[in-house]
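K.L.:
This is a predicted model, with the sequence first.
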Amino acid sequence: MQNIFISGEFAGQYQKEYQDYQSFWQMMTEIEHQSSLILISQEQCAEMECLDQDLYPIKYLELSGLDEVAILKGVGFKDEGSWLKLINLYQGNPVYLKSIAGLIKNIFDGHVAVFLAENDLLITKDIQGILKQLFNKSSPLEKQLVLELSKFDQPVTRKDLITTLDWSSMNLINSWQSLQQRYLVKKIYNGKVHFKLSPIFQEYVRNCQN
């Protein structure tokens, strides 16, 4: 579904030829029918969140990744005790794991533990391509915020970044919200609300965009 949204703008903005979908999603919640509609997207539109209320027959679920070693079975990997660490490192993302599995099989002869001992978080060319698309699709303000966030190892508060970037509160909030709709920023509550880039995306930005 993310392909119907505009690149270079905040998340969830429809391309001109697809703007009727916005009315269609609304209509699906208001007209009685027997159909079910499942939408899968890397980018959340405003309607998904606004209509995810008790008044509407719609729910959205953020997939958090896979946490089982079954995803690596059949690849011929050795040292099964290291599989879970690998899965967690790549956030259980099956696309990322498939890419890294090929590298481990070809370069490390299937030894996951050896790969992990030599690499903290390696971004393959395939993964770089995916993350480059996500970065390029972001708005200029989002890109600037991402570059600033990538400098921090620890989660930061909104107040920290207002001071650092010298932005208006509106620009920062809109950029935060858009990055969250792209699932690139995680919200962490530790007495205060903090934000942090997805670890894989942060590693990509540090190495390929700075």
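P.N.:
Arrived safely.

K.L.:
Would you state the helices of the chain in chain order?
P.N.:
In the chain, the helices defined using DSSP state H lie at 20-30, 46-50, 83-89, 94-107, 112-118, 125-137, 140-149, 158-165, 169-181, 199-208.

K.L.:
May I see those arranged in a markdown table, with distance to Val75 and mean pLDDT as well?
P.N.:
From N, CA and C alone the C-beta is placed, and that goes for glycine too. As requested, these are exported to a markdown table (distance: least, CB to CB, whole Å; pLDDT from 0 to 100):
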| stretch | distance to Val75 | mean pLDDT |
| --- | --- | --- |
| helix 20-30 | 39 | 78 |
| helix 46-50 | 35 | 65 |
| helix 83-89 | 10 | 88 |
| helix 94-107 | 5 | 89 |
| helix 112-118 | 10 | 91 |
| helix 125-137 | 16 | 93 |
| helix 140-149 | 33 | 94 |
| helix 158-165 | 41 | 86 |
| helix 169-181 | 33 | 91 |
| helix 199-208 | 20 | 92 |
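
K.L.:
okay, now the domains of the chain?
P.N.:
2-50, 69-122, 134-208 (automatic domain parsing).

K.L.:
What count of nearby residues applies to Gln22?
P.N.:
Gln22 has 15 neighbours, counted by other CB atoms under 10 Å.

K.L.:
Which phi and psi values does the residue of the chain positioned farthest from its centre adopt?
P.N.:
Of all residues in the chain, Glu32 has its C-alpha farthest from the mean position, at 33.7 Å, by CA atoms, centre = their mean. Dihedral pair for Glu32: phi -70, psi 130, per degrees, to the nearest 10.

K.L.:
any idea of the pLDDT on Gln53?
P.N.:
Looking at Gln53, its pLDDT is 57.

K.L.:
Report how many residues lie close to Met28.
P.N.:
Around Met28 there are 17 residues (other CB under 10 Å).

K.L.:
what sits against the nearest residue to Gln13 once chain neighbours are set aside?
P.N.:
Distance criterion CB to CB, 6 or more residues apart in numbering; nearest residue to Gln13, sequence neighbours excluded, is Ile6 at 4.7 Å. Residues in contact with Ile6 (CB atoms under 8 Å, 6 or more residues apart in numbering) are Gln13, Tyr14, Gln15.
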